[in-house]
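Chemist: Here's a sequence, model it:
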Amino acid sequence: MNIQEKAELSKLIIQHATEKYRRLFVACSFGKDSRVIVDLARQVKPGIQFFGIDTGYEFPETLSFAEKLVKETGMKFKWLHPAQKDKKRIDLAYGSSFIRNNQYKCCEMKIPAIEGVLGKYDAWITGLRRDETEFRKNTPLIENGKIAKINPIAFWTKDDVWEYIKTKKLRYHPLYDKGYKSLGCKPCTTEGKTQSGGGRQGQFERAGRFAGTANRGKECGLHTKI
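Modeler: Numbering: from 1, shown residues only. Down below sits the predicted model:
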């Protein structure tokens with residue numbers, strides 16, 4: 001399939017999700033994959049709800065880009081934050097360290113931030129792709145969890161994502177032009193050059209995530225616990 005055919009198939013998947021699940025939202029990190037999902041989902045349902053998770057440790061560039069994109073597209077968007085009681089609990093558990101049990105503190109903030117809305121929805125749409133990492137290579141188009149998870153671009157490649165962005169002339173996160181391959185919170189994200197360090201993880205675009213832990217290049221916990 002060429003990129004246009006893949007885009008049309010992904011839109012059919014999103015359309016199916018909007019028809020099957022009455023209460024549906026889209027996760028948006030403002031990374032390259034989310035940028036594609038924003039464009040595709042709004043073509044299917046312009047008023048669809050988007051949520052982003054602000055752990056309190058986002059790149060300033062992410063917050064700035066998000067503000068510009070929301071204004072530019074008119075997307076219905078809201079940041080989610082961990083409740084103060086959860087933030088205090090996590091801060092206390094981590095103490096003076098930012099890494100505990102191979103988990104970054106910013107990653108720990110994500111689950112309590114999103115749990116508050118899960119009970120209000122039947123499904124959510126993500127930008128997960130199978131070629132991002134070996135831990136996502138079996139990502140299905142639809143999977144069950146606390147609520148259903150729809151992954152409409154699971155079968156896309158990294159090159160597909162960039163081809164779509166460039167072909168559609170979409171504004172994208174500026175840190176990609178500074179060498180970053182995968183973007184998360186500032187503390188747990190390093191530039192793409194860390195990928196050349198050797199080992200199996202070095203070949204994947206998420207190799208620069210969660211450096212200094214046994215979870216380098218793997219998952220923050222959001223997609224393994226929900």
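Chemist: Can you pull out the low-pLDDT segments for the chain?
Modeler: For the chain, the stretches with pLDDT under 70 are 192-204, 206-226.
Chemist: Let me see the ranges of the helices in it.
Modeler: 3-20, 32-44, 60-73, 84-94, 105-108, 110-118, 158-168, 222-225 (DSSP state H).
Chemist: could you redo those as TSV and give each row mean neighbour count and distance to residue 151?
Modeler: C-beta: built from backbone N, CA, C; applies to glycine. Formatted as TSV, those follow (neighbours: other CB atoms under 10 Å; distance: least, CB to CB, whole Å):
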stretch	mean neighbour count	distance to residue 151
helix 3-20	16	8
helix 32-44	22	10
helix 60-73	15	21
helix 84-94	13	27
helix 105-108	22	20
helix 110-118	18	16
helix 158-168	16	13
helix 222-225	14	10
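Chemist: Tell me which of the ones you listed sits nearest to residue 190.
Modeler: Among these, the nearest to residue 190 by CB to CB is helix 105-108 (13.4 Å).
Chemist: Residue 181 reaches residue 205, doesn't it?
Modeler: Yes: with contacts counted by CB atoms under 8 Å, residue 181 reaches residue 205, the gap being 4.2 Å.
Chemist: can you pull the contacts of the residue nearest to the spatial centre of the chain?
Modeler: Central residue of the chain (CA atoms, centre = their mean): residue 29, 4.6 Å from the mean position. Applying CB atoms under 8 Å, 6 or more residues apart in numbering, we find residue 29 in contact with 52-53, 62, 127, 183-184.
Chemist: Now with 6 Å, please.
Modeler: Contact analysis of residue 29 by CB atoms under 6 Å, 6 or more residues apart in numbering lists nothing.
Chemist: One more: residue 10?
Modeler: Contacts for residue 10 (CB under 6 Å, 6+ apart) come out as 40, 152-153.
Chemist: mind checking how far it is from residue 164?
Modeler: Residue 10 sits 10 Å away from residue 164, going by CB to CB, to the nearest Å.
Chemist: Also residue 1?
Modeler: Residue 1 is 12 Å from residue 164, by CB to CB.
Chemist: repeat for residue 13
Modeler: With distances taken as CB to CB, residue 13 is found 15 Å from residue 164.
Chemist: One more: residue 75?
Modeler: Applying CB to CB to residue 75 and residue 164 gives a distance of 17 Å.
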